[in-house]
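Asks: only geometry, no sequence info:
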């Protein structure tokens, strides 16, 4: 009988340990896999990382006020935007960059939504059925993704904190995944 009690207690302790491991730490702002938690500078800008490091990696994620952003280096320019797609929260840090009508766009890996790096506009291909032979053309859905102003100073890359007085569709997923530690990149 004592063996049964010890065995039951052993399994119960193993179960509690596995639950604790599965849930992970709570109330802790864990760094993202690429850059970690960004540091706030006295002038309000938030340090993301070294310019040369980001140029080499071409993209990096960082936490800004608990919100994960992604910074891209593409064709000589830095672009920063919320890391989760405005459509369904897909991880934009895993997307490919395409040129669409002269605009650099990140393509969400989940549903192939296209977002301009410069303005955060969502793009789609549409036709005008009133034309005699309609051909698809790229159209704007308007600004859907929050972008963040990037500043380069002394070899460091900074972003300005987001102006939350204006809302964007991507804010929903930024808030949903805020302070969740290392974001899950699975669907």
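Replies: Received it, and whenever you're ready, just let me know what you need. Model, not experiment: these values are computed from the prediction.

Asks: Name the residues that touch stretch 88-108?
Replies: The contact list for stretch 88-108 (C-beta atoms under 8 Å, 6 or more residues apart in numbering) reads 34, 59, 61, 70, 72, 74-75, 79, 81-85, 87, 109-111, 113-118, 123, 138, 145, 173, 176-177, 183, 185, 187. All C-beta atoms are positioned from the backbone trio N, CA, C, and that covers glycine.

Asks: hmm, which of those residues are the buried ones?
Replies: By neighbour count, with 16 or more other C-beta atoms under 10 Å, the contacts of stretch 88-108 hold 34, 59, 61, 70, 72, 79, 81-85, 87, 109-110, 113-117, 123, 145, 173, 177, 183 as buried.

Asks: Quick one: the helices in the chain, in order.
Replies: With DSSP state H as the definition, the chain shows helices at residue ranges 2-23, 51-57, 171-176.

Asks: Return the distance of the last one from the chain's centre.
Replies: Spelled out, that is helix 171-176. Distance of helix 171-176 from the chain centroid (C-alpha atoms, centre = their mean, to the nearest Å) equals 10 Å.

Asks: Could you give the average pLDDT over that helix?
Replies: Mean pLDDT, computed over helix 171-176, is 92.

Asks: who are the neighbours in contact with the residue nearest to the spatial centre of the chain?
Replies: Nearest to the geometric centre of the chain sits residue 83, at 1.1 Å (C-alpha atoms, centre = their mean). Residues in contact with residue 83 (C-beta under 8 Å, 6+ apart) are 61, 68-70, 91-93, 174, 183.

Asks: May I ask which two of those are separated the most?
Replies: 93 and 174 (13.3 Å; C-beta to C-beta).
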